[in-house]
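# Here is my input, please return the structure:
(chains A and B)
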Amino acid sequence: MTDKTVLVVDDEPAIHRFLTPVLELEGYQVQRADTGQQALDAMRDAPADIVVLDLGLPDMDGKAVLTELRRTRATPVVILSARDREAEKIEALDLGANDFVNKPFSVGELLARLRAALRHRPSEPEAPVITTGDLEIDLARHRVLKAGRDVRLARKEFDLLALLVRNAGTVLTHRQLLTAIWGDQHEADTQYLRVYVGQIRQKLRDDGEVRLIVTEPGVGYRFRDLG
Amino acid sequence: MVETSPRVAPPAAGSAHPSVVDLTLATRAEWLRPGPFVGYVEALLSVSVGLILADTARRWFDLTDVALILLLSVLFPAIRSGIWPAILGAVVAFLGYNFFFITPLYTLTVSQPREFLALVAFLIVAIITAALAGQSRERARVAMARERTIERLYAFTRRLSYSANRSEVAEAVAGEVRGLTARRCALLLGEGDRLALAALAPRGTELDDTALSAAEWAFGCKEVAGAGSPFFGDCAWTFLPLTIGRRPVGALGVEIGDAGQLLDGDEQVLLHALAEQAASAIDRASLAKEADTARAEAETERVRNTLLASISHDFRTPLASILGASTSLIDFGERLRPEQRVDLLSSIREEGERLDGMVRNLLSMTRLEAGALDIRRDWVDIGEIADRLADQARRRGMAGRLTLSVPSGLPLVKADASLIEQALSNVVANAARHGGPKVKITLNAEEDGGWLRLAVEDDGPGISPDILPRVFDKFVRGARHTGDGGDGSGLGLAITQGIVALHGGTATAESPIENGHGTRITLSLPIEEPS
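Below is the predicted model of the structure:
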């Protein structure tokens, strides 16, 4: 249960119709906006704690709403977008959206994304040791323990894993990962990611049915939120 | 000269090209040709007149030296008929000069060495004058012939540029080459790696195997092949390669014939020029064809993409609602209040109906296009259909936004009820979609002559003038007013029109209808008398 306010921006009444009761049930206070302008007005007058933003709005592009919002606020934003619109999603994520949910989506999926996005507020101080499931990552000492056993990772492998774990539950785009680990000039070298993620998965024996590192096809990677 | 030119092939059967030699470039040696017989007669006449004039001048004006008058008489045939008649004139003038004007008169003997010298000088001057005049005449003739050649080539290219496709260009090239060279002509074009016969002039000309091999050689090796060349020299044809840059596009052949009248230098120059023009014309036609194909493919692709995009888009929103509502019920059903559960369940039903409508529209469109839409006509009461529409609107949360104005006692129409409902429902959905959230929609039904008019009016922003004429076309969409879920497939009104047309009726659109906004879509159905 939470006492957060969520602003749902979607022009389709049917979406509000099923989201509102469920979000309220989860303890959110729900604000509704049908257009981009209404969304921006709402964020100015009574800023919500988190925003669910549909990218296809009648009056303005969802990405424009995001850009406008990011001028003044770092409020977490979860994008609703069609599965086949990777480019649009990536653009929105690079513009500062925190995560996305493919339409059509199940309510549980959206709620999980909202929780993850709310947990990783940028202002939060970082713990020196992150534990998730049977994985323990010591950021200061660059050590990784999987089920108590030492896993030897190369420097870049460790950096990549740490970045993903730090943002567990939310997606990181290829570009965000590449610029953070390899620098700006490598922002298009997605083959690095394929190779390194493959190596990390191998070393962590992350090849079960439920993967720790989830591939978001065409978009990026997400570390499974183990709560 | 035409008749005696040895370079002209004997006229081929079925061809009439009188201007054959005019075009062929004059050779440098042409001025040395004997020329027609009439030229010699003219030369003799001219010199005779000169002698008479000279004699008259001597008698009446006491002119002692008549050499200039005689030279003048030699100049005429030189200019008119060329060098040989002029030389004949010069010799005759020389003899006449000696006979009539040099003492002793009326003999060919010369008494004074002074006069002998004058005679010899006259002969030399006359011959040189004749030669010079003859040559310059020939040069002028050649220059004119060249000019004509260039004009012909220009006309050739221009005619080729009118031909739109490869086969037309090929026919034109063969015909023109035939006309310009008076030889049988064959044009073969490369289709991929192979060479295919594209045109023959005159039609029905036959190519033997040797000729075809020579053509293949010309095409493959990009070299002249056949008669007069080192390759397939025993062939009755000569083939020139047609190339664009280093790329072969075909081969152009002319028949040399059994007489072995090979191409001379000028004819070769001409043929090469023709081949070059032909190659570029054919290349242009091929490119145009490729561009057409590409355009057609792009258009098909665009239509397919639009259809796919709109279908996936249209289907996604109701699917999102169904999935969202059903997962809410599954995960939170017990915690939801009963009225919330009912609302979610009814939203699932409504969105299911919406999907069903879309599928029906898509199927109708496909069948309309294939001409396979089943129509089952029966007597239909428009009032019933209007009530069903109102019911539908209520379920879609549009209660109070759709007003019916359907007088009782309207005649029945013979129609397919479900199709008419679909047609009207598409129009109403369209008004709701583009009219904005507060739109008021009215359905008016009235009898007008032999027609039943069903008019759907809304007070939305209207249809922009650039879309209005195409509003019943497939994939034409108006401005979005409800966003993501709302912008339609661009099929609805197209289907409406198709259905109405199937019933022998018409669909029209007017916008704006009031104060710069609003739209009226009128479906007119013919009223038949019940038999």
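
# so what's the most centrally placed residue in chain A closest to, chain neighbours aside?
In chain A, the residue lying closest to the centroid (Cα atoms, centre = their mean) is A:T170, at 2.7 Å. Spatially, and ignoring its direct neighbours in sequence, A:T170 is nearest to A:D99 (4.6 Å; Cβ to Cβ, 6 or more residues apart in numbering or on different chains). Placement of C-beta: from N, CA and C, glycine included.

# Now do the strands in the chain.
If you meant another chain, say so; for now it's chain A. Counting by DSSP state E, one finds strands in chain A at the ranges A:5-9, A:29-33, A:50-54, A:77-82, A:99-103, A:129-132, A:135-138, A:143-146, A:149-151, A:171-173, A:213-216, A:220-223.

# was after chain B, sorry
B:185-191, B:194-201, B:225-226, B:237-244, B:247-255, B:378-380, B:402-405, B:413-415, B:441-448, B:451-458, B:506-510, B:519-526.

# mind putting those in a markdown table, mean neighbour count and distance to B:I495 included?
Formatted as a markdown table, the strands of chain B follow (neighbours: other Cβ atoms under 10 Å in any protein chain shown; distance: least, Cβ to Cβ, whole Å):
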| stretch | mean neighbour count | distance to B:I495 |
| --- | --- | --- |
| strand B:185-191 | 23 | 43 |
| strand B:194-201 | 18 | 46 |
| strand B:225-226 | 28 | 62 |
| strand B:237-244 | 25 | 49 |
| strand B:247-255 | 25 | 48 |
| strand B:378-380 | 14 | 18 |
| strand B:402-405 | 16 | 20 |
| strand B:413-415 | 22 | 15 |
| strand B:441-448 | 17 | 18 |
| strand B:451-458 | 21 | 15 |
| strand B:506-510 | 17 | 10 |
| strand B:519-526 | 22 | 12 |
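
# Identify whichever of those lies nearest to B:M144.
strand B:247-255 (24.6 Å; Cβ to Cβ).

# okay, the angle between that closest one and strand B:194-201?
40 degrees (axes from the mean of the first three to the mean of the last three Cα atoms, to 10 degrees).

# Domains in the chain, by residue range?
By default, I'm working from chain A. A:5-119, A:129-223 (automatic domain parsing).

# you looked at the wrong chain, it should be chain B
Taken from automatic domain parsing, chain B resolves into B:34-159, B:165-291, B:372-526.

# so can I have CSV of the strands of chain B showing distance to chain A and mean pLDDT?
Formatted as CSV, these follow (distance: least, Cβ to the nearest Cβ, whole Å; pLDDT from 0 to 100):
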stretch, distance to chain A, mean pLDDT
strand B:185-191, 40, 89
strand B:194-201, 43, 87
strand B:225-226, 53, 87
strand B:237-244, 39, 89
strand B:247-255, 37, 89
strand B:378-380, 32, 85
strand B:402-405, 17, 88
strand B:413-415, 32, 86
strand B:441-448, 17, 90
strand B:451-458, 17, 92
strand B:506-510, 22, 91
strand B:519-526, 18, 92
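
# can I get the ones you listed in JSON lines with distance to A:A116?
Shown next, in JSON lines, are the strands of chain B (distance: least, Cβ to Cβ, whole Å):
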{"stretch": "strand B:185-191", "distance to A:A116": "62"}
{"stretch": "strand B:194-201", "distance to A:A116": "64"}
{"stretch": "strand B:225-226", "distance to A:A116": "77"}
{"stretch": "strand B:237-244", "distance to A:A116": "63"}
{"stretch": "strand B:247-255", "distance to A:A116": "61"}
{"stretch": "strand B:378-380", "distance to A:A116": "56"}
{"stretch": "strand B:402-405", "distance to A:A116": "44"}
{"stretch": "strand B:413-415", "distance to A:A116": "56"}
{"stretch": "strand B:441-448", "distance to A:A116": "44"}
{"stretch": "strand B:451-458", "distance to A:A116": "44"}
{"stretch": "strand B:506-510", "distance to A:A116": "50"}
{"stretch": "strand B:519-526", "distance to A:A116": "46"}
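
# Output the lowest mean pLDDT helix or strand found in chain A.
strand A:129-132 (a mean of 78; mean pLDDT, DSSP states H and E).

# Contact partners for B:G435?
Listed by Cβ atoms under 8 Å, 6 or more residues apart in numbering or on different chains, the contact set of B:G435 reads B:441, B:458-461, B:481, B:519.

# Tell me the one of those residues nearest B:L88?
Distances from B:L88 to the contacts of B:G435, taken by Cβ to Cβ, are shortest for B:T519, at 96.5 Å.

# Relative to chain A, how far out is the nearest residue to the closest one once chain neighbours are set aside?
Closest residue to B:T519 apart from its sequence neighbours, by Cβ to Cβ, 6+ apart: B:S511 at 4.2 Å. B:S511 sits 20 Å away from chain A, going by Cβ to the nearest Cβ, to the nearest Å.

# I figured A:R175 hits A:I181, correct?
No: contact criterion Cβ atoms under 8 Å: A:R175 and A:I181 do not qualify, at 11.2 Å.

# Around chain B, pick out the residues from chain A.
A:10-15, A:17-19, A:21-22, A:25, A:34-35, A:54-59, A:82, A:84, A:103-108 (Cβ under 8 Å from any Cβ of the partner chain).

# Output the below-cut-off pLDDT ranges for chain A.
Within chain A, the segments meeting pLDDT under 70 span A:1-2, A:83, A:120-127, A:226-227.

# Helices of that one, residue ranges please.
Counting by DSSP state H, chain A has helices at residues A:13-25, A:36-45, A:62-72, A:86-94, A:107-119, A:155-166, A:174-181, A:190-203.

# try the stretch 201-350 of chain B
Per DSSP state H, counting those that start in this stretch, the stretch 201-350 of chain B carries helices over the ranges B:209-221, B:265-332, B:338-370.

# Tabulate the ones you listed (JSON lines), appending distance to chain A, mean pLDDT and mean neighbour count.
Shown next, in JSON lines, are the helices of the stretch 201-350 of chain B (distance: least, Cβ to the nearest Cβ, whole Å; pLDDT from 0 to 100; neighbours: other Cβ atoms under 10 Å in any protein chain shown):
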{"stretch": "helix B:209-221", "distance to chain A": "45", "mean pLDDT": "88", "mean neighbour count": "20"}
{"stretch": "helix B:265-332", "distance to chain A": "4", "mean pLDDT": "82", "mean neighbour count": "17"}
{"stretch": "helix B:338-370", "distance to chain A": "4", "mean pLDDT": "84", "mean neighbour count": "16"}
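
# how about those helices in CSV, adding distance to B:A417?
Output for the helices of the stretch 201-350 of chain B, formatted as CSV (distance: least, Cβ to Cβ, whole Å):
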stretch, distance to B:A417
helix B:209-221, 67
helix B:265-332, 25
helix B:338-370, 14
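
# wait, which of these is closest to A:L93?
helix B:265-332 (20.2 Å).

# State the phi and psi torsions of B:G516.
When read as degrees, to the nearest 10, the backbone of B:G516 gives phi 80, psi 0.

# I'm done for today, thanks for sticking with me.
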